[in-house]
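*Asks:* Got a predicted model here, sequence first, then my questions.
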Amino acid sequence: MNRRGFLLSASAATALPAVALADAGPDAFSLLIQAAIAGDDAYAADPMTGVGDSAYDEAVIARTYGPPFERLSEGDLPVPTSAVSAALGLRYCLKNLGSMDFADAAIVTAVLAFLENEGGQS
């Protein structure tokens, strides 16, 4: 399955209460995650990706999810400064890592619920 198909199938796989992006605040971590989400959405919305033109796909990747994904893949990420920002990062992981086994997904889901609850109380 290509990344576009994976993104489309994985986005429906996890039904969790939403954290509004605006609630994540302007820290560097949440801005990076928001850029990755926007890039994923832009790539998935392009009807010409994944139809066999690899040069086109590479160009779309370079202007959508490519740069934030590369930054996320480098490691040494900025640290979230709030529980809401941390929850946004976990939500992104759950959306894009559909290959997690049920135990991993359950753990991340539980942590996300805790963080969202804590974030709402601060």
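*Replies:* Yep, that arrived.
*Asks:* Find the helix or strand that residue 50 is a member of.
*Replies:* Taking DSSP states H and E as the definition, one finds residue 50 inside no helix or strand.
*Asks:* Report the separation between it and residue 43.
*Replies:* In this view, residue 50 and residue 43 are 9 Å apart by CB to CB, to the nearest Å. To be clear about C-beta, it is placed using only N, CA and C from the backbone, and glycine gets the same treatment.
*Asks:* burial measure for residue 48, as a count.
*Replies:* Residues near residue 48, counting by other CB atoms under 10 Å, number 10.
*Asks:* Please report phi then psi for it.
*Replies:* Main-chain dihedrals, residue 48, degrees, to the nearest 10: phi -90, psi -10.
*Asks:* wait, what's in contact with it?
*Replies:* Going by CB atoms under 8 Å, 6 or more residues apart in numbering, residue 48 touches 56, 60.
*Asks:* just use 38 as the starting number from now, easier for me
*Replies:* Taking 38 as the first residue, the last one we looked at is residue 85.
*Asks:* could you give me the average pLDDT of stretch 126-144?
*Replies:* Mean pLDDT, stretch 126-144: 72.
*Asks:* Return the distance of the residue nearest to residue 98 when sequence neighbours are not counted relative to residue 103.
*Replies:* Nearest non-adjacent residue to residue 98, counting by CB to CB, 6 or more residues apart in numbering: residue 80, 6.7 Å away. Separation of residue 80 from residue 103 (CB to CB): 9 Å.
*Asks:* between those two, who's got more neighbours?
*Replies:* Applying other CB under 10 Å to residue 80 and residue 103 shows that residue 80 carries more neighbours, namely 21 against 15.
*Asks:* Helix or strand: which one has the residue nearest to residue 98?
*Replies:* With DSSP H and E as the test, residue 80 turns up in helix 65-82.
*Asks:* And for residue 113?
*Replies:* In the assignment (DSSP H and E), residue 113 maps to no helix and no strand.
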